[in-house]
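Asks: Structure, please.
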Amino acid sequence: MDVSDVTVIITVWKRPYLDLQLKSLINQVIKPKEIWIIHNENYIETKNTSSKYRDVFPNISVIHSEINLKYFGRFSICYNVKTRFTLIIDDDVIPSSQWIKICLEKSGQYNAIISCTGRIIRPKNYRPEEFDLGNKNEILNKYFIGDNYNEEEYNCFPEDTVVDYGCNSYFFKTEWIRNFWRIWPATFDSGEDIHLSATLKILKSIPTIVPKQNIDTSGNLKKKFSVDQYSSCLHEDFIDVRQKVFEYLINEQGWRPILWNKTIQTD
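Replies: Residues are numbered from 1 along each chain as shown. A predicted model of the protein is given here:
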């Protein structure tokens, strides 16, 4: 059995996909060394689910928090990871059996954060995740990478692509996490995905890559799981909060998105 030097961190709150996530992780072609489950509050049962898989994969640990650590908690818990690599996956992501193998290969090739989904920020646009029906398809096809290439249920893309920030899953060298916290977040209400890519780009010139994916190598086989009542993008202030994150990282911390000129002019 091929075992990698990877710790996988899953966050559980209200979505019911832990069983599917554990099944996909223990069936990886190259298996993780450890799986950590961060169980926020008490909406989902985790003890029996994790115990079911310990016979075949003993290194499953549950970290239970009575409070909801939300988006950033998993990145602070990374300080306790002892493996060379960390893979953080959102609670709606089901990776294919090849995903850890792909992440290891692409991380070695590019020395980059590897994500199954990513975004490219349009020039001078601090609200890149906002669009109207008139330009929806154009925006999705050009700037939303991995999860909007076509109508397939799984993430796919025809080529390795550099993005401004990754989404949904994050594979990186564990030692890089110290840079995440060297720049304090603008808010803890959203934007951990943006913050990870931006801080590593600012401080270490580390890029974020969404790799080529098909049904056999996809980082997420169930992308429609994210379209539910728990999706953070449905929050009324989602775009406004993230606009403040973009403004903070670009105007105050010196982040330069791929398509932006070196001189930033605010509208």
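Asks: Next, count neighbours for the nearest residue to V162 once chain neighbours are set aside.
Replies: Nearest non-adjacent residue to V162, counting by CB to CB, 6 or more residues apart in numbering: P207, 5.4 Å away. C-betas here are computed from N, CA, C, even on glycine. Residues near P207, counting by other CB atoms under 10 Å, number 16.
Asks: Would you quantify the distance from P207 to Q253?
Replies: 17 Å (CB to CB, to the nearest Å).
Asks: Likewise for L259?
Replies: Distance from L259 to Q253, by CB to CB: 18 Å.
Asks: Could you point out the helix or strand that follows the lowest-mean-pLDDT helix or strand in the chain?
Replies: Counting by mean pLDDT, DSSP states H and E, the chain has its least confident helix or strand at helix 136-143, which shows a mean of 86. Tracing the chain past helix 136-143, the next element assigned as helix or strand by DSSP states H and E is strand 144-145.
Asks: hey, where'd the helices end up in the stretch 151-267 of the chain?
Replies: 177-182, 192-204, 238-247 (DSSP state H, counting those that start in this stretch).
Asks: rewinding a little: check what pLDDT the residue nearest to V162 gets.
Replies: As summarised for this prediction, P207 has a pLDDT of 99.
Asks: send the alpha carbons of stretch 97-114 over as CSV?
Replies: What follows is stretch 97-114, C-alpha atoms only, in CSV (Å, rounded to 0.1, in the frame of the first residue of the first chain):
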residue,chain,number,x,y,z
SER,A,97,-9.1,8.2,-6.1
GLN,A,98,-6.3,9.8,-8.0
TRP,A,99,-6.4,13.2,-6.3
ILE,A,100,-3.6,12.9,-3.7
LYS,A,101,-1.4,11.4,-6.4
ILE,A,102,-2.1,14.4,-8.7
CYS,A,103,-1.5,16.9,-5.9
LEU,A,104,1.9,15.3,-5.0
GLU,A,105,2.9,15.3,-8.7
LYS,A,106,1.8,18.9,-9.4
SER,A,107,3.2,20.2,-6.1
GLY,A,108,6.6,18.8,-7.0
GLN,A,109,6.4,20.1,-10.6
TYR,A,110,5.3,23.7,-9.7
ASN,A,111,6.2,24.2,-6.1
ALA,A,112,2.7,25.5,-5.7
ILE,A,113,-0.6,25.3,-3.8
ILE,A,114,-2.8,22.8,-5.7
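Asks: Pull out the buried residues from it.
Replies: 97-104, 106-107, 110, 112-114 (16 or more other CB atoms under 10 Å).
Asks: Out of those residues, which comes closest to F225?
Replies: Of all those, F225 sits closest to W99, with 15.4 Å by CB to CB.
Asks: Leaving out sequence neighbours, find the closest residue to the closest one.
Replies: G219 (5.2 Å).
Asks: In contact with that neighbour, which residues?
Replies: 93, 95-96, 99, 102, 115-117, 146, 155, 168-169, 211, 213 (CB atoms under 8 Å, 6 or more residues apart in numbering).
Asks: let's go with 7 Å and repeat that
Replies: By CB atoms under 7 Å, 6 or more residues apart in numbering, G219 lies in contact with 95, 99, 116, 155, 169, 213.
Asks: Filter those down to the buried ones.
Replies: Buried by 16+ other CB under 10 Å: 95, 99, 116, 155, 169, 213, out of those.
Asks: Look at H39 and give its secondary structure.
Replies: For H39, the assignment made with DSSP: H, G, I helix; E, B strand; the rest coil gives strand.
Asks: and the most centrally placed residue in the chain, what are its bridge partners?
Replies: Central residue of the chain (CA atoms, centre = their mean): S169, 2.8 Å from the mean position. S169 has these beta-bridge partners by DSSP bridges: I89.
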